[in-house]
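Colleague: what's the 3D shape of this:
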Amino acid sequence: MASPAFPPAQDASVDPSPSSVPQAPKSSYPSALSPLTSVFSRFSQWRKSLDLPNPGTVENLQKEVKATHLTNFIFDGARADLTKSLSMNPAFQVTHSFILGSQVSTPSYNFGAVFANNDMFLQGSVDHEGNVSARMNQGWAENSITKIQTQLSSQAGHSMIQLEHDYQGRDYSLNAKAVNPWPTDLTGIYIGNYLQSVTKNLALGVETLYQRPTPDMSEFTTSYLAKVTSDDKNWIATAQVQPAGILQATYWQKLHEKVEVAADLQLMASPQRRDAIATLGAKYDLRMATFRAQLDSTGKVSALLEQRFAPTFAFLVAGEIDHFKNAAKVGVGVMIESSTLTPEEMGMPPQH
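Modeller: I've put the predicted structure just below:
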């Protein structure tokens, strides 16, 4: 008779329980960093409880003043801008621009195109001399944008490339920029700025510029920024202190739903030069027109009227008088927009 089979006896020294499995030694790094992480977490919660607003970017620090003044809008001679929309979603349009009879620039023709969707913005142009410029904005998230700008010119020293990235935090903004960077010898221009909301009305910032035109030559400068905004955002004051005794201060106020005024003061108090320029401007929006006027301490008085006779047709008249130089400039222009899209494609109510 066969004897029953029994399982082999196990060695008592071998314990398969999990407690007997050798454990890897726990790292001491988490315990060592826990005080720092706790402090950072409390600091983040404290900042969040303040509910501070985003201060905007340093690039747009004086956006309201620039939109009110004539510096970016004044022209002389004759100009015409013909725009044709080819698509609305994504947006795609082309523009033909002509400039004639200007005292400060030669006659020119420029062809431009714009493409934009929810995440990307592309803009390019070429003039009659073959100079090409292009710009791209790529949005990775709602608060993170990468920008690339380039220019190719037949003239020596006029070609450039600029790389930039914007990041918008809850209560701060951060920007890094490189102009004509060369990785082998690190030549180029490098700019970084940071703007932080201190209170709901006050934001302070700093901007640092590092120039390295040649491997054996470099320059490092820092500017300080301040921005004050009213509770109802009807007035904004800014100040920027630059090296060598340069101060720029601006003030913008919305007097009425259709009336805005702005002032700009630039002071230079260096040992080699002492100078100051003050500029006052106003913008008035009518139902189908926009009027801008400006006066500065150099004796220049200028005005610009943009009259829209239809949503797709505008007529512009600009003028500037320099009392100190006894000179004057006059400019006229037209802006015509056309589209091959139907009213439904443009988002307008259908025509019956």
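
Colleague: how about the helices in this structure?
Modeller: Ranges of helices within the chain are 29-50, 63-68, based on DSSP state H.

Colleague: Let's have those helices in TSV, adding distance to Asn175, mean pLDDT and mean neighbour count.
Modeller: Where C-beta positions appear, they are placed from N, C-alpha and C, glycine not excepted. Output for the helices of the chain, formatted as TSV (distance: least, Cβ to Cβ, whole Å; pLDDT from 0 to 100; neighbours: other Cβ atoms under 10 Å):
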stretch	distance to Asn175	mean pLDDT	mean neighbour count
helix 29-50	20	71	10
helix 63-68	14	95	19
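
Colleague: Switch these over to JSON lines; also include distance to Thr208.
Modeller: Output for those, formatted as JSON lines (distance: least, Cβ to Cβ, whole Å):
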{"stretch": "helix 29-50", "distance to Thr208": "23"}
{"stretch": "helix 63-68", "distance to Thr208": "22"}
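
Colleague: and of the ones you listed, who's closest to Asn143?
Modeller: helix 29-50 (15.5 Å; Cβ to Cβ).

Colleague: quick one: which of the helices of the chain is nearest Ala263?
Modeller: The nearest among the helices of the chain, by Cβ to Cβ, is helix 63-68 at 7.9 Å.

Colleague: of all the helices of the chain, which lies closest to His96?
Modeller: Closest to His96 of those is helix 63-68 (Cβ to Cβ; 25.1 Å).

Colleague: That closest one packs against which elements?
Modeller: The elements that helix 63-68 packs onto, with contact taken as 3 or more Cβ pairs under 8 Å, 6 or more residues apart in numbering; DSSP states H and E, are strand 246-256, strand 259-269, strand 274-285.

Colleague: what residues does it touch?
Modeller: For helix 63-68, contacts defined as Cβ atoms under 8 Å, 6 or more residues apart in numbering pick out 56, 72, 236, 238, 250-252, 260-264, 281-283, 292.

Colleague: so which one among those has the lowest pLDDT?
Modeller: Looking at these by pLDDT, the weakest one is Asn72, with 89.

Colleague: Excluding chain neighbours, what is closest to the residue most central in space within the chain?
Modeller: Residue closest to the average C-alpha location in the chain (Cα atoms, centre = their mean): Glu59, at 4.7 Å. Leaving aside its sequence neighbours, Glu59 sits nearest to Asn175 (Cβ to Cβ, 6 or more residues apart in numbering; 7.0 Å).

Colleague: and that neighbour, how many neighbours does it have?
Modeller: Other residues near Asn175 come to 21 when the count uses other Cβ atoms under 10 Å.

Colleague: tell me which residues form a beta bridge with it?
Modeller: In this entry, Asn175 is beta-bridged to Asp166, Asn193, by DSSP bridges.

Colleague: and what of Ser108?
Modeller: Note on Ser108: beta-bridge partners by DSSP bridges are Ile99.

Colleague: surely it meets Ile99?
Modeller: Yes - the criterion here is Cβ atoms under 8 Å, and Ser108 meets it with Ile99 at 5.0 Å.

Colleague: quick one: which of those two has more around it?
Modeller: More crowded of Ser108 and Ile99, by other Cβ under 10 Å: Ile99, with 21 against 15.

Colleague: Check Ala303 and give its pLDDT.
Modeller: With respect to pLDDT, Ala303 scores 96.

Colleague: next one: the one 4 residues further on
Modeller: Gln307 is assigned a pLDDT of 95 by the prediction.

Colleague: any idea how far it is from Thr146?
Modeller: Gln307 is 39 Å from Thr146, where distance means Cβ to Cβ, to the nearest Å.

Colleague: One more: Trp46?
Modeller: Using Cβ to Cβ, Trp46 is found at 31 Å from Thr146.

Colleague: before we move on, what about Val58?
Modeller: The gap separating Val58 from Thr146 is 17 Å, by Cβ to Cβ.

Colleague: ok, now Ile161?
Modeller: Look at Ile161 and Thr146: by Cβ to Cβ, they are 13 Å apart.

Colleague: got it, and Gln62?
Modeller: Here Gln62 is placed at a distance of 23 Å from Thr146 (Cβ to Cβ).

Colleague: State whether Gly245 and Gln272 are indeed in contact, as I suppose.
Modeller: No - contact criterion Cβ under 8 Å: Gly245 and Gln272 do not qualify, at 9.9 Å.

Colleague: what's around Asn326, how many residues?
Modeller: Neighbour tally, Asn326, other Cβ under 10 Å: 8.

Colleague: Would you report the backbone torsion angles of it?
Modeller: phi 50, psi 50 (degrees, to the nearest 10).

Colleague: Identify the residues contacting it.
Modeller: So Asn326 contacts nothing (Cβ under 8 Å, 6+ apart).

Colleague: try 10 Å this time
Modeller: Neighbouring residues of Asn326 by Cβ atoms under 10 Å, 6 or more residues apart in numbering: Gly299.

Colleague: Worst mean pLDDT across the helices and strands of the chain, which element?
Modeller: Taking mean pLDDT, DSSP states H and E as the measure, the chain has helix 29-50 as its least confident helix or strand, at a mean of 71.

Colleague: related to what we said a few turns ago, want to try TSV for the helices and strands packed on helix 63-68, with mean neighbour count and distance to Leu195 as columns?
Modeller: TSV is the format used below for these (neighbours: other Cβ atoms under 10 Å; distance: least, Cβ to Cβ, whole Å):
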stretch	mean neighbour count	distance to Leu195
strand 246-256	17	15
strand 259-269	17	19
strand 274-285	16	24
